[in-house]
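Asker: Below are the sequence and a predicted model; questions follow.
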Amino acid sequence: MNFRTRLRTTPAVWTAPIWLGIIGFYYFYALHFEDSYEEVVTGPLWAPEQVELALSYFYVFAYAITLGLAVWEGGRLRRDGVWQLAPGRSRYRVAADTLVPVVAAGWLILVLPVVMRLIETRLLPTPAALAPLVMAMGIVCAYAVLGCALGHVTPRVISAPLSAVAVFYVVVETVKYDDPVWPRHVSGQPDTSLGFGEEYGAATLFIPFLFVAALAAAVAVWWIRTAGGVRWAIRAAAAAAAVATMVACTDVASGWAIADGPVTSGQAPARCTGHAPRVCMAETGGAVGELDEVRGEIVRSVTRLREAGVNVRMPETVSDSLLNGRDRKRSSRTAWWLPLSRQAGQHGGGATFVRYAVLRTGVTFPCAFPASFEEAPSADYVVNRDAAMLWAATLIDAEKPYLAWRRAEYGGAFQNPRQVLAKVRERAGAAGKLPADRQARWFHKEQAKACRLVSREGGS
């Protein structure tokens, strides 16, 4: 069959308006439902993350549509008796020629959103970014083989739509599995989302491909032409190998947590400047052009706090939290992790919020406070602690974001949030009118009193 005739007869062509419509709707509506175009292109941008996001809507459609079309083509081969009409031709060659348009349709459902997303974000594809696409394209081939085999043994008018719906349902429903957890990881739709600077580990993508490919290979072996006894021996061996492979895949995937397949972090490139502190920001975080200004704000803020008598040490390194990865290393006295790109970017708070980040990380107390008001037996310490922090925030012009944060926190914890906030502002304001040397003493007394109160509450 020549190419033109194949295109006229293949269901991949006459169903194209359906799957092209799916691509258009889910890409231009669903993919941009939460984030507008402006928010997407201004960063932070990371090619593996953007490819994973683009594919997340289309894995299941590619698999379901490929299977349904392959079932239809397999039924047509049986109906027309193609294998019997050409007994000298390889069954695999005949099936491959028939399934080329079907596989092409499945691939286009995956490739088009990825290409559109990369063009939209102006990112260059990398091998790591395209790895999930390659995995999905391989799984599409496996579903084409399974569908062709199913079409040979079932009525295609019934089995083609039912099989497509079944695969769609099974893949979508795997995200609800908590016990066992392995279906989430072998469905072909990665259960693990990527963050900035992260890439999928090889096992995360190879296990789902191997799981489906093993089944497809065992099915394809049934088409082999050999003598009766040898044919059945090969089929039995292939079936046993497929079962063993699938069991091994489920065993590996069972060791992964929910939404936590193997990934590698810290892969995003960074740009750094200065020394003590050496400030580093993500190159594609959307704000690397402000690197020198950001470092200047950090140095000035720490210097101003130290001059006022606050016990804050100039850090050796200040790194963008985008570079931190999912393990989230905590800041130490010498190494800080701050949301530099997020605050300095177009949609961030600018220099004020960079100073606010310095305040939250650099100004510490000689004791530990409850993580939330709900965990504290009493909130007596709040006024003293927050008044001290507000005074420090005023020193570096970061009082607005600090007050906004406390106002929101009080509103969900206290019956009289306005009165509490007014008391905090009153104490901090009175301290700001004291002579400079007395302000520092007041700050340390407030710290000590807050720690004394929280220690008394914890011991009661």
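Answerer: Cool, the structure landed. Only a predicted model underlies this, so the values are computations on that prediction, with no experimental measurement involved. Numbering: from 1, shown residues only.
Asker: CA atoms for contacts and neighbours, from now on please.
Answerer: Noted.
Asker: ok, now how distant is Met116 from Met137?
Answerer: Distance from Met116 to Met137, counting by Cα to Cα, to the nearest Å: 17 Å.
Asker: Who are the packing partners of the host helix or strand of Glu120?
Answerer: Using DSSP states H and E, Glu120 maps to helix 91-121. Packing partners of helix 91-121 (3 or more Cα pairs under 8 Å, 6 or more residues apart in numbering; DSSP states H and E): helix 11-14, helix 16-25, helix 37-41, helix 47-55, helix 59-80, helix 127-153.
Asker: And the shortest one, what's buried?
Answerer: For helix 11-14, a neighbour-count test (16 or more other Cα atoms under 10 Å) marks Pro11, Ala12, Val13 as buried.
Asker: how much space between the closest residue to the first one other than its chain neighbours and Arg225?
Answerer: Closest residue to Pro11 in three dimensions, ignoring its sequence neighbours and counting by Cα to Cα, 6 or more residues apart in numbering: Leu69, at 6.3 Å. Distance, Leu69 to Arg225, using Cα to Cα: 25 Å.
Asker: which of those two has more neighbours?
Answerer: Counting neighbours by other Cα atoms under 10 Å for Leu69 and for Arg225 shows that Leu69 has the greater number, 31 against 12.
Asker: Surely the more buried one touches Trp14?
Answerer: No - the pair Leu69 / Trp14 is not scored as a contact, 10.6 Å apart, by Cα atoms under 8 Å.
Asker: ok, back up a step: any chance of CSV for the buried residues of helix 11-14, columns distance to Arg342 and pLDDT?
Answerer: Below are the buried residues of helix 11-14 laid out as CSV (distance: Cα to Cα, whole Å; pLDDT from 0 to 100):
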residue, distance to Arg342, pLDDT
Pro11, 48, 83
Ala12, 44, 82
Val13, 45, 84
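Asker: wait, which of those residues is closest to Ala242?
Answerer: Lowest distance from Ala242 to the buried residues of helix 11-14 (Cα to Cα) belongs to Ala12, with 29.1 Å.
Asker: list the contacts for the closest one?
Answerer: Leu69, Pro101, Val102, Ala105 (Cα atoms under 8 Å, 6 or more residues apart in numbering).
Asker: quick one: low-confidence ranges for the stretch 101-250 of the chain?
Answerer: Residues of the stretch 101-250 of the chain meeting the criterion pLDDT under 70: 227.
Asker: mind running it again at 90?
Answerer: Residues of the stretch 101-250 of the chain meeting the criterion pLDDT under 90: 120-122, 152-153, 156, 174-180, 191-193, 195, 221-235.
Asker: what does the stretch 251-400 of the chain give?
Answerer: Counting by pLDDT under 90, the stretch 251-400 of the chain has low-confidence residues at 257-261, 265-266, 276, 284-288, 324-330, 333, 342-350, 368-382.
Asker: Show me where it has its helices.
Answerer: 291-307, 340-344, 351-362, 382-395, 399-411 (DSSP state H, counting those that start in this stretch).
Asker: distance of the closest residue to Leu403 other than its chain neighbours from Pro370?
Answerer: Of all residues not flanking Leu403 in the chain, Leu390 sits nearest, at 7.6 Å (Cα to Cα, 6+ apart). To Pro370, Leu390 is 19 Å away according to Cα to Cα.
Asker: Give me the local confidence score for Thr15.
Answerer: Looking at Thr15, its pLDDT reads 86.
Asker: Show me how far the helix or strand that Arg231 is a member of is from its chain's centre.
Answerer: Using DSSP H and E, Arg231 sits within helix 228-254. Centroid displacement of helix 228-254 relative to its chain, using Cα atoms, centre = their mean, to the nearest Å, is 34 Å.
Asker: tell me what that helix is packed against?
Answerer: Contacting helix 228-254 under the criterion 3+ Cα pairs under 8 Å, 6+ apart are the following elements: helix 182-186, helix 202-221.
Asker: Report the distance from the longest one to the chain centre.
Answerer: Going by Cα atoms, centre = their mean, the spacing between the C-alpha centre of helix 202-221 and its chain's C-alpha centre is 24 Å.
Asker: quick one: contacts for the residue nearest to Leu403?
Answerer: Glu399, Tyr402, Leu403, Val424, Arg425, Ala428.
Asker: ok, Val354 to Ala387 distance?
Answerer: For Val354 relative to Ala387 (Cα to Cα), the value is 21 Å.
Asker: Please apply the same query to Ala268.
Answerer: The gap separating Ala268 from Ala387 is 39 Å, by Cα to Cα.
Asker: hang on, the earlier thing: what would the helices and strands packed on helix 91-121 look like in CSV with distance to Ala214?
Answerer: As requested, the helices and strands packed on helix 91-121 are exported to CSV (distance: least, Cα to Cα, whole Å):
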stretch, distance to Ala214
helix 11-14, 25
helix 16-25, 27
helix 37-41, 38
helix 47-55, 23
helix 59-80, 16
helix 127-153, 9
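Asker: most packed of the ones you listed?
Answerer: A comparison of the helices and strands packed on helix 91-121 by mean neighbour count, using mean count of other Cα atoms under 10 Å, puts helix 59-80 on top with a mean of 26.
Asker: so how far is it from its chain's centroid?
Answerer: Taking mean C-alpha positions (Cα atoms, centre = their mean), helix 59-80 and its chain are 31 Å apart.
Asker: would you put the C-alpha positions of that helix in CSV?
Answerer: Presented in CSV, the C-alpha positions along helix 59-80 are these (Å, rounded to 0.1, in the frame of the first residue of the first chain):
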residue,chain,number,x,y,z
TYR,A,59,0.3,11.4,28.4
VAL,A,60,-3.1,9.8,29.0
PHE,A,61,-4.6,11.1,25.7
ALA,A,62,-1.6,9.9,23.7
TYR,A,63,-1.8,6.4,25.2
ALA,A,64,-5.6,6.1,24.9
ILE,A,65,-5.9,7.4,21.4
THR,A,66,-3.0,5.3,20.2
LEU,A,67,-4.5,2.2,21.6
GLY,A,68,-7.9,2.8,20.2
LEU,A,69,-6.5,3.6,16.7
ALA,A,70,-4.3,0.5,16.8
VAL,A,71,-7.2,-1.7,17.8
TRP,A,72,-9.1,-0.4,14.7
GLU,A,73,-6.1,-1.0,12.4
GLY,A,74,-5.6,-4.5,13.9
GLY,A,75,-9.2,-5.3,13.2
ARG,A,76,-8.9,-4.1,9.7
LEU,A,77,-5.9,-6.4,9.1
ARG,A,78,-7.9,-9.3,10.3
ARG,A,79,-11.0,-8.4,8.3
ASP,A,80,-9.0,-8.0,5.1
